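K.L.:
What would the 3D arrangement of this be:
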Amino acid sequence: MPAAHNSRTSYIKAAYRLTSFLLMVTIVFLAACSSPVPELIRLAPVPDQMIPAVNTRALSKNTEVRWGGSILTTENLAQETQITVIAYPLDSDGKPLPGDMSSGRFIAKLKGFIEPQLYQRDRLITVRGKITGYSPLQIGEFSYDHAVVNVEQLYLWPKRKEHDDIEDAYWWRSPWYHPYYHPYFPMRY
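P.N.:
Down below sits the predicted model:
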């Protein structure tokens, strides 16, 4: 009887170790899947209002919006910072999708100081807040009404590395793969 008891004890210990291991793997996997993007940026407000067409005042004050795009200018004033943004459509996480389809421009207003070296031209940004009004500005000879958003949540998207697309897309082809020798890309010197 002691041999049967000993094998049952070792079976229970093995099952306990396996369960503990699977629990730790699950916790690590779930932690790796969590997004660093704030929840207010990831989730669109209901209803999700798009930036209005050029030169219109279609959205009323206090309308909650989640807009994003590429930074044009960052201007620090005495009490606040104004960021002028070229608006782009957003993906499901709220990240701007730059391209040839822009919805226009808007101004994001924040209280306090924002470092202009971080929030520089062409960086991608997503903001969530309420429309406080419209600000007419001249773009060349055209008078353009920028929607002004009082920012409640702001997210500056990380910079992309220059060769991310090429290197990440073909890493699996060969352990000796190098993007400079890929048949679909010309040689780089």
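
K.L.:
burial count for L137?
P.N.:
Neighbour count for L137, taken as other C-beta atoms under 10 Å: 13. Glycine gets a C-beta too; all of them are placed from N, C-alpha and C.

K.L.:
On the pLDDT front, check it for me.
P.N.:
The model reports L137 with a pLDDT of 79.

K.L.:
Ok, the one 4 residues further on next?
P.N.:
Per-residue confidence at E141 stands at 82 (pLDDT).

K.L.:
Count the residues that sit near it.
P.N.:
Residues contacting E141 under the criterion other C-beta under 10 Å number 5.

K.L.:
Can you give me the separation between I125 and R17?
P.N.:
When distances are taken as C-beta to C-beta, to the nearest Å, I125 and R17 turn out to be 48 Å apart.

K.L.:
Please apply the same query to Q82.
P.N.:
Using C-beta to C-beta, Q82 is found at 58 Å from R17.

K.L.:
which of these two has more neighbours?
P.N.:
For Q82 against R17, the residue with the higher neighbour count under other C-beta under 10 Å is Q82, and the figures read 17 against 10.

K.L.:
Quickly run through the sheet partners of the helix or strand hosting that one, with directions.
P.N.:
Q82 belongs to strand 80-88 when elements are defined using DSSP states H and E. Next to strand 80-88 in the sheet, as set by DSSP bridges, lie strand 64-76 (antiparallel), strand 104-111 (antiparallel).

K.L.:
show me the contacts for L40.
P.N.:
66, 128, 152-153 (C-beta atoms under 8 Å, 6 or more residues apart in numbering).

K.L.:
7 Å instead?
P.N.:
128, 152-153 (C-beta atoms under 7 Å, 6 or more residues apart in numbering).

K.L.:
Let's test this: what are the backbone torsions at it?
P.N.:
According to degrees, to the nearest 10, the main-chain angles of L40 amount to phi -60, psi -30.
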